[in-house]
Structures are given as structure tokens and as C-alpha cells.
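Asker: A predicted structure for the sequence below; I have some questions about it.
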Amino acid sequence: MTPLIGFAPDVDATAPGVITDCSNLIPFEGGFRGAPAPTSVGANALAAACRGIASVTNLAGSRRVIAGTGTKLYELGTTAWTDVSRGANYTLGTDDRFSFIQYADATLIATPGAPLQRSVSGAFADIAGAPTAKLIESAQGFAVAFNTSSFADEWYCSEYLNDAGWTLSVSTQCVKGRLIGGSGPITAARRFGDNIIAYKGGTVFSGTYVGAPEVWRWTQVASDIGCVGQDAVVDTTVGHVFVGKDNVYIYDGTTPRPIATGTIRKWLFDDMAGASQFKTTLLWDRPRHLVWIYYASAGGSGAVNRCAVYHVLTQKWGLAHSTIEAVVNYTSPTFTYDGGSVLVTTYDASPSISYDSLSWVAGASSVAVVNSSHQIAALSGACVSSSFTTGDVGDDEGYRTCTNLRVRYLSKPTTSIATGYTKDAEGDLTATGSNASIGDGRHNMRQTARFHRFKVDTTGDYTVTAFRPEWVERGKR
């Protein structure tokens, strides 16, 4: 058997085990599996497209789900959204989004066009004296705003242990400054342990708390690498994973290093709409050790409709395309049969959520997206359909007849159909060969050529690790 090494379209198609194309296929430690289908969590749709969402928990363990549209902020109840906007509407620009943090018991929100917002419960309100900023993060007892209305490269921190105090004073350690190294605005900011990492389009800064009068000291850790947008970075168990202008990087506290070179980099950035790179949105899937990289496709409408998936432990790639508006690590309410959950009215009408899904567990977290219908959908459903296409198996001289294709499934899909493709020289176009459903653990194939390629289409959940064509040699020419 030839082990599958992952989706790697930049690799030579004759490399053993390479996957040259796939759909709804994601890696895991033991191989690959069908990607889970997004499944509604039972909440109503938002009133308009989602411009940011967060699931937050206060010091007492109470949970809130807050989402924003172009004009409003909403909080999710059991199923319905309640307007928790400030007194006046928000006026987000076409591409503006909300940025969220939880600071102790307070939820703080930044967005262009309004001062920083704060809520412990109920409606949000402007924080007196606070700046208007695009981004907000917290560390070391401070809330820190970035990309303010004064300067796109400015940072501005609150008073120590007081997220509502923004009057500049060295005595309270409420200070501000600018990150003038590199060009352009601050595009993203994420906590990294006790530090905060601030990104520009082509520069990375690490901020360390040093106390008054400087308070935060910023060190430039990269001068030709940056992050394309505010949602294009996530904090993972191996460090920050972020998307730059021409590669995907990991920052582990030393220096950013590329992780897509030689496997998917060229394909990914050819497939990505350059003018919409700033819309790229990353989701950290901690239980599966996956980073879901959602982006807008080249030649598309500008909607975020594609997704490359990276497994941080095995460094393997897959694809699971979907059109989304936002992502969230969603903390579910309690759903029970006895409680008359809106998800279950009768056994016959119950949704396609498995009985061991986190959706049924009070306070459990599951990765989720906000889909194009403005609804939260957890990535927890059964795989609907999936496919993977192998590389070219053969050599430049010998002809072979493929009689069977065996696929090593650790768990079998509902259906599995293999289609063969042939060509006599690398660089030639492929011709369609055999087509066969699985039977007795194999797909019966009948095709003769120097090089053979196989596409396997499946339905239902499955896991797969390897494949093996069975041959009859036909000589050389």
C-alpha cells in the first residue's frame, strides 16, 4: 500500500502518495477523513450578514455569544438574538468588522466608526475617553487597542486592571505609542502568552510588558513578513498560524517560518483572490488540531467561499470548501430531550447531529461557522460527500494494465466509486479510463497506459490511509 501524504498540488504528480486534488477531505493523525458537514446549532439567523462573532465566558463561568452586523450588535439567547447595541446604530464600512475580547467580567468590542464598546450584561455602551480603534486584545491586566482613528499604526492601552479607564497617565500605566517600523497599518493583533503580537502587512512586532513609564516595549521580529487581515491569524498549540501575502506562517516566539512552501503555497495563492486577501479568516480547531483557512477565490464575487485545512501535528493539508461569513469557537447551551429543545421535536424529525456530539453537552465548545444564511453551524455533522485524486502512478517506459484499485479504509464510507485516468507521458492531458464501485474490498479497473491516476468519490463518514493499484505488466516501448 502507498500511504497518502496529503493534498500537495505543488509537488511532482509522480511523488508516491501525493493527493493532487480533493474535496471535503481533512487530515488527522492517522490519515485522512471526510470533512464534517456544517450543522445548525438551532439558533435563529442573524438579521444581516455577520461582521464578527465571539463566544465569551466571564469569571463566574457564565457564557455569552455576541455577534455583529453592519449596524447592530446582538446577543444569543436559547435560539433568538436580542439587540444589545449602544443607543445609536453602528456604521461599519463595506469591509469593516468587529473585534472582540473578554476582560474579566466585561466584553469589549472595537470597530471603526465608534469608540470602544463595553458590556458586562445587556446592551453595550461607549467607554468614556476610550479611542476609536479597529482591533482590541488583552494581556498582563491591560486591554490594548490597535489601529486607532488617530494613527493606523498606533497602539493604546487601558489603565492597569481597569478596562474602563482610558485617560492617559503614566501613573495608571495608560499610555499609547506607534509602531513606525515597516509601512502600512496594523492589520491584526493576537495575544502570545504574556506578550501581544502586532502584525502589519509586511512586519511583525512582539510587545512585552516592562512597566512604567514605557509600559509596553515593542520589538520588530520580522521585516518582510506580515498578516493580510484581522481574522487571518489564530493562536494554536504550536504558536500563531497566520496568512501573509504569499505564504502561510507559524510564529513560535522566535521567528516566523513558512509552512506551505513546496506543498500548497503556489496553488493556494493562485486560487486566492489577491484583492480580497484581507478577508481571509482562520479558525483553530483544538480537538482536531486543525487550522481552517477560509478565503475568497480568484475570479469569484469576493465572498469567502474556499477553505484549505492544515493539521499542525502532521503538517498535512486538505480542502473543505464552504461559503462563510465568520467563524467562532462556539459554546453551546444545554440541549436535552426532556427540556424540549428546539433541535428535537420528534425522533423522526431530529437533526443530523450524532448522539456523542458536543452540541448536546452543557458548556461544551465546538468549532463553528456563520454560513451564508447568517446562521451558526457547527462543524460536527456527518460527511455528505468527499473525494480525493491520487498522483500519477507508473513510469516513462513501461505499459501496465490496472486490474484493481484497493483503498485502505480504516472506517468505510457508505459508497466508494473509483474513476481511472490515463496518459502516456507526464505533461499530457489525461484520458478517462475505468469506473467502478467498491466490491469485495476493491474497485475493478480495466485500463492500460504508462501513467495511471485515480479519483475516489465517497459518501458518508470514512477514514483512509493508503491505496494500491494491482497491475499486469504489458512491456516497454
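Answerer: Yes, it's here.
Asker: what's around the residue nearest to residue 418 when sequence neighbours are not counted, how many residues?
Answerer: Nearest in space to residue 418, with sequence neighbours left out and distances taken as C-beta to C-beta, 6 or more residues apart in numbering, is residue 443 at 3.8 Å. All C-beta atoms are positioned from the backbone trio N, CA, C, and that covers glycine. The tally of other residues near residue 443 (other C-beta atoms under 10 Å) stands at 25.
Asker: let me know whether residue 443 touches residue 415 as I believe.
Answerer: No. Between residue 443 and residue 415 there is no contact under C-beta atoms under 8 Å: 11.6 Å.
Asker: got any residues that touch both of the two?
Answerer: Both residue 443 and residue 415 are in contact with residue 437, where contact means C-beta atoms under 8 Å, 6 or more residues apart in numbering.
Asker: show me where the stretch 351-477 of the chain has its strands.
Answerer: With DSSP state E, counting those that start in this stretch as the criterion, the stretch 351-477 of the chain has strands at 365-371, 376-381, 385-390, 393-394, 398-411, 415-423, 431-439, 442-449, 451-459, 463-476.
Asker: just the CA trace of the second one, in PDB.
Answerer: The C-alpha coordinates for strand 376-381 follow below in PDB (Å, rounded to 0.1, in the frame of the first residue of the first chain):
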ATOM      1  CA  ILE A 376     -24.300  29.400  13.200                       C
ATOM      2  CA  ALA A 377     -23.400  26.000  12.000                       C
ATOM      3  CA  ALA A 378     -21.100  23.600  14.000                       C
ATOM      4  CA  LEU A 379     -18.500  21.600  12.100                       C
ATOM      5  CA  SER A 380     -19.900  18.400  13.600                       C
ATOM      6  CA  GLY A 381     -22.200  16.800  11.100                       C
END
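Asker: how far is that strand from where the chain is centred?
Answerer: Its chain's C-alpha centre and that of strand 376-381 lie 13 Å apart, by C-alpha atoms, centre = their mean, to the nearest Å.
Asker: quick one: mean pLDDT over that strand.
Answerer: In this model, strand 376-381 has an average pLDDT of 96.
Asker: list the strands paired with it, with their directions.
Answerer: Applying DSSP bridges, strand 376-381 is found paired with strand 37-40 (antiparallel), strand 365-371 (antiparallel).
Asker: shouldn't residue 220 be in contact with residue 204?
Answerer: Yes. Assessed by C-beta under 8 Å, residue 220 is found in contact with residue 204 at 7.2 Å.
Asker: of these two, which one has the most company?
Answerer: residue 204 (27 against 15).
Asker: next one: the more buried one from residue 221, what distance?
Answerer: For residue 204, the distance to residue 221 (C-beta to C-beta, to the nearest Å) stands at 5 Å.
Asker: now do the SS call for residue 165.
Answerer: coil (DSSP: H, G, I helix; E, B strand; the rest coil).
Asker: what's the end-to-end length of stretch 47-58?
Answerer: End-to-end distance for stretch 47-58, by C-alpha to C-alpha, to the nearest Å: 26 Å.
Asker: having no further points to raise, I will conclude here.
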